[in-house]
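Visitor: here's a sequence, model it:
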Amino acid sequence: MALAYAVQHVGSSALRVAPALLRLRPFHTSTAQRDAPEPVPLAKLKDSFNDGTSIAYIEELEQRYRADPSSVDKTWCMFFKALEHGVPGEAIAEAYDAFEKGQVVSPLAAAAVSNQTIQESMKLVMLVRAYQVNGHFAATLDPLGLDARPKNLELDPASYGFTEADLDREFFLGTWSMSGFLSENRPIRTLREILNRLRETYCGNIGFEYMHIPDRDRCNWLRERIETPELEPFTVQKKLHTLDRLAWSDMFETFLANKYTAAKRFGLEGCETLIPGMKAMIDRITDLECKNIVIGMPHRGRLNVLANVVRKPMAQIFSEFSGKKLKGPDEREYTGSGDVKYHLGTSYNRPTINGKMVHLSLMANPSHLEAVNTLVLGKTRAKQFYSDDTERKHSASVLLHGDGAFSGQGIVFETLDLCGLMDYTCGGTIHLVVNNQVAFTTDPKESRSSPYCTDVAKALNLPIFHVNADDVEGVVRVCELAAEWRQTWKTDVVVDLVCYRKHGHNEIDEPMFTQPLMYKAIRQHKNAHQRYVERLLEEGSLSKAQVRGVHDRVQEILNSEYEASRSYRPTTKDWLASHWQGFMSPAQMSRIRNTGVNADILKSVGKAFTALPEDFTPHRQIKKVYEQRRAMIESGEEVDWATAEALAFATLLSEGNHVRLSGQDVERGTFSHRHAVLHDQNTGAKYVPLGHVFPGQKPFQFTVTNSSLSEYGVLGFELGYSMENPNSLVLWEAQFGDFANTAQVIFDQFLTSGEAKWLRQSGLVCLLPHGYDGQGPEHSSARMERFLQMCDENPYTLPQIDHKDWFTGSHLGTQIQAANWQVVNCTTPANYFHVLRRQIHRQFRKPLIVFSPKNLLRHPKCKSPLTEFDDVPDDQGIVGVRFKRLIMDD
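Guide: Take a look at the predicted model:
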């Protein structure tokens, strides 16, 4: 009777389960167990579902169940109830097995072992998931309480058919619902308890967005840390430490406001909790083996970060506020043109609270918001290369953003997009958004189309943590979680600090003109520091004397540093931190060096990079190209452009330098001339000839990589990369020189003026294909006139070239040292070879703009003999073997 009922109501799956009821472990059926059961003596029949062994007996139990469900064992009651609700036999098996272990793995299972229906179990799952996905919409994120959001119906239990009467009704939960924090040791809870726990977790002062991440392991990792039975409380010592950091953040701004009332400083007031959050993040990531952190940020809060996070001497900061022109320790020392104080960077080694040491670098940046982003990534990637940090855990990048810029600037997406690219990733960046809910004078509803300024990060499946920035402990928690995420998963993570801006865009701006309601609320609002002090005193964590002790100590040090600033004089380190040891500033004359290479070395490296493995099958045309290159090297005649470039790279590599070339399609070359990466025609495997110039060559010592379809972001990345170590030739090649204008911010604000403003040298090479060869107006001109116009050289002063120092016999020249960059138009392969090598063989670094040819790449007359590459001077009237500034027409 039971089997007939099962077939009629729930189909064949019940047939696969019912015979199993006749075994001691009924729900673990095998092929053998599906055979008809043997008759069992009546004496062996048992009264439990576990031990049921007779179909006749099952039918008898079913009759009793129909007459009175309480008359049968509860396990049989669950079985018959599940059949009534259409639960498949496999689910019943899973349910009972899981129930025995104290677990529930699915809604069907919940229905099978409880008196709630499958529909109710499914609705409960949907309600829980709604909070996991959309709970952040109901979180208390706005400190001012002005962000009135419509009620999210997905979070309303009524949307799932639950009523007031269900609030105190018990429901069965399990691992299918949440990470155990609702079901730990208590799989049955009332709906009211479930809702309270969901709201505490997802609708408090922190809003989590992570359910869009497709990787379930990563989601579950976050759930384990978010959906905890109880948050680990701050110890008294940690609360005292947090208060100390918050006091420094707040009182530093107040001190500046009192001492420099008319100065623009773009203060952090309204988001003072950024400082304890950043420092907690640094402490946690350092505990997880990070040793270097590169930071990029805009002007808002920069002075506070410099003083309290990176530890730039406060006496120096106060001295810069005085407005006097600072000179180095030597009056003749080069100090550049300088920049406003809220654009400056610095670096510092500082200890953490756990006794670890970490090196912090805050990069200088211009007013162009987000422009520094990819420079930070490039510098971080370079640190990882030079320290063999292949796991990318010892050096990390941190970027700070404003809300308007994060959603409005396209470079943000270009930055995020580099996260997963093999030759650009730096193992994840921690993004901290100082979301003061207004962009200069523009309201969020006028500056973005999405609910949050951080929504662009969802395109990359990144976790986003929104936090009310008045809750300093909440800020600390999410910053620590972000550090753990970065070190565990090596991807980006975003922390959205929802705060406010106490003043206007700057301290002398009047915000009431455009945001009157917001600023009425701000004037009546206690800041995070005041609120935290009140909370600590109210809960009895600290005494008034302890709080006063913290404040007195901070004020005393601020006053002391202010007095020290009156006589402050920068040290060499302050001014020349970016001048690598032994490298010259524009005020120091350096020698001009030869760049030719011994002929035997040229032939040796040429033989190495033209040799292909025997088991490698190149394209037949590529094979011919490499055979021709080898013939050029062996004969010493007619070396073409691509071979000259390869010789420059190979000789620099053999001297121990690092070479990195990136850009769109650079592996093959836009004009199919370079072929630096070869592809096996049978297996698709790649081979990089310049990666095998000499035995024992370091992996990626030569790196050539196609970039994303970005100029702005990728050029910035390579510039940052080039600034880390002078013993590297870093090149960026535009697909066509015309396209360089989409990276104009990097050229204008960094390359042309970075050394003068910030004393930062770079030897970055930009290859800009140029030539009116009939490919249309967007594929012809690299705009030579623009780059020449951006040279800061005096056009009316004729420089001395190759001036000889008669005391040392060496040749000196200051024209290039004094200029902001070099612009060249090479016309022979040999001259191109020498100008590339010259970037490394000098005592300073300077950007190089090369207008590389298109039709000369294969022109039969654009060839150079190998004798023009060697170290033997052959040219009459030319001293040494080096780049020729001018080649006379013969």
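Visitor: quick one: average pLDDT of the one helix or strand residue 817 maps to?
Guide: Per DSSP states H and E: residue 817 is located in helix 815-818. Mean pLDDT, computed over helix 815-818, is 79.
Visitor: equivalent analysis for stretch 604-619, please.
Guide: The average pLDDT for stretch 604-619 rounds to 96.
Visitor: go through it and flag the buried ones.
Guide: By neighbour count with 16 or more other C-beta atoms under 10 Å, stretch 604-619 contains the buried residues 604, 605, 606, 608, 609, 610, 612, 616, 617, 618. Just so you know, the C-beta spots here come from the backbone N, C-alpha and C atoms, and that holds for glycine as well.
Visitor: which single one of these is nearest to residue 227?
Guide: Of all the buried residues of stretch 604-619, residue 227 sits closest to residue 616, with 52.0 Å by C-beta to C-beta.
Visitor: tell me, how many residues neighbour residue 748?
Guide: Here the number of neighbours of residue 748 (other C-beta atoms under 10 Å) works out to 15.
Visitor: the stretch 601-750 of the chain: strands as residue ranges?
Guide: Using DSSP state E, counting those that start in this stretch, the strands found in the stretch 601-750 of the chain span residues 658-663, 678-679, 686-687, 702-706, 728-733.
Visitor: so where's the protein uncertain?
Guide: By pLDDT under 70, the weakly predicted segments of the chain are 1-56, 74-75, 78-79, 81-115, 174-187, 323-336, 341-342, 571-580, 798-813, 875-880.
Visitor: what's the next secondary structure element after the longest helix seen in it?
Guide: Of all segments of type helix in the chain, defined using DSSP state H, the longest is helix 236-259. Moving toward the C-terminus from helix 236-259, the first helix or strand encountered (DSSP H and E) is helix 274-287.
Visitor: not counting its own residues, what contacts that following helix?
Guide: Identification of contacts with helix 274-287 by C-beta atoms under 8 Å, 6 or more residues apart in numbering yields 242, 245-246, 248-249, 268, 293, 301, 304-305, 308-309, 352-354, 356, 358, 360, 396, 398, 400, 430, 432, 434, 469, 472, 475-476, 478-480, 482-484, 486-487, 495, 497.
Visitor: from the chain's centroid, how far away is the helix holding residue 817?
Guide: Here helix 815-818 is found 37 Å from its chain centre; the criterion is C-alpha atoms, centre = their mean, to the nearest Å.
Visitor: so what's residue 420 up against?
Guide: With contacts defined as C-beta under 8 Å, 6+ apart, the neighbours of residue 420 are 460, 491.
Visitor: list phi and psi for it.
Guide: phi -100, psi 10 (degrees, to the nearest 10).
Visitor: what about it, distance to residue 492?
Guide: As judged by C-beta to C-beta, to the nearest Å, residue 420 and residue 492 stand 9 Å apart.
Visitor: just residue 538 next, same as before
Guide: Using C-beta to C-beta, we find residue 538 at a distance of 38 Å from residue 492.
Visitor: neighbour count for the two, which is higher?
Guide: residue 492 (27 against 8).
Visitor: surely the more buried one touches residue 432?
Guide: No. Between residue 492 and residue 432 there is no contact under C-beta atoms under 8 Å: 11.6 Å.
Visitor: picking up where we left off before, find residues that contact each of residue 420 and residue 492.
Guide: Listed as contacting both residue 420 and residue 492 by C-beta under 8 Å, 6+ apart are residue 460.
Visitor: what about the longest helix of the chain, distance to the chain center?
Guide: On C-alpha atoms, centre = their mean, the centre of helix 236-259 falls 28 Å from the chain's centre.
Visitor: helices and strands around it, which ones?
Guide: Here helix 236-259 is seen to pack against helix 274-287, helix 302-308, helix 314-321, helix 472-489, helix 528-539, helix 544-565 when contacts are counted using 3 or more C-beta pairs under 8 Å, 6 or more residues apart in numbering; DSSP states H and E.
Visitor: buried residues in that helix, which are they?
Guide: Residues of helix 236-259 classed as buried by neighbour count (16+ other C-beta under 10 Å): 238-253, 255-257.
Visitor: for the buried residues of stretch 604-619, which two are the farthest from each other?
Guide: Pairwise over these, using C-beta to C-beta, the maximum falls at 604 and 617, 26.0 Å.
Visitor: ok, the most centrally placed residue in the chain - contacts?
Guide: Geometric centre of the chain, nearest residue: residue 429, 2.2 Å, by C-alpha atoms, centre = their mean. Contacts here follow C-beta under 8 Å, 6+ apart; on that basis residue 429 touches 376, 377, 380, 396, 397, 398, 399, 415, 419, 486, 492.
Visitor: if you look at those, which of them are in strands?
Guide: Among these, DSSP state E puts 396, 397, 398, 399 in strands.
Visitor: list the beta-bridge partners for the last one.
Guide: For residue 399, the beta-bridge assignment (DSSP bridges) gives partners residue 296, residue 431.
Visitor: tally up the residues packed near residue 886, please.
Guide: 5.
Visitor: can you classify it as helix, strand or coil?
Guide: Assigned with DSSP: H, G, I helix; E, B strand; the rest coil, residue 886 falls in the coil class.
Visitor: for residue 693, see how far away the spatially closest residue to residue 657 that is not a sequence neighbour is.
Guide: Spatial nearest neighbour of residue 657, excluding adjacent residues (C-beta to C-beta, 6 or more residues apart in numbering): residue 727 at 5.2 Å. Distance, residue 727 to residue 693, using C-beta to C-beta: 16 Å.
Visitor: of these two, who's got more company?
Guide: A count of neighbours by other C-beta under 10 Å puts residue 693 above the other of residue 727 and residue 693, at 23 against 13.
Visitor: pretty sure residue 266 contacts residue 305?
Guide: No. Contact criterion C-beta under 8 Å: residue 266 and residue 305 do not qualify, at 11.2 Å.
Visitor: show me what contacts the nearest residue to the residue nearest to the centre of the chain once chain neighbours are set aside?
Guide: Excluding its sequence neighbours, the residue lying closest to residue 429 (C-beta to C-beta, 6+ apart) is residue 397, at 4.5 Å. Applying C-beta under 8 Å, 6+ apart, we find residue 397 in contact with 293, 294, 295, 296, 376, 377, 379, 380, 426, 429, 430.
Visitor: the host helix or strand of the first one packs against which elements?
Guide: Secondary structure assigned from DSSP H and E places residue 293 in strand 292-296. If contacts are counted by 3+ C-beta pairs under 8 Å, 6+ apart, strand 292-296 sits against strand 357-362, helix 373-386, strand 395-402.
Visitor: now the last one, how far from the chain's geometric center?
Guide: On the basis of C-alpha atoms, centre = their mean, strand 395-402 is displaced by 7 Å from the centre of the chain it belongs to.
Visitor: sounds good, over and out.
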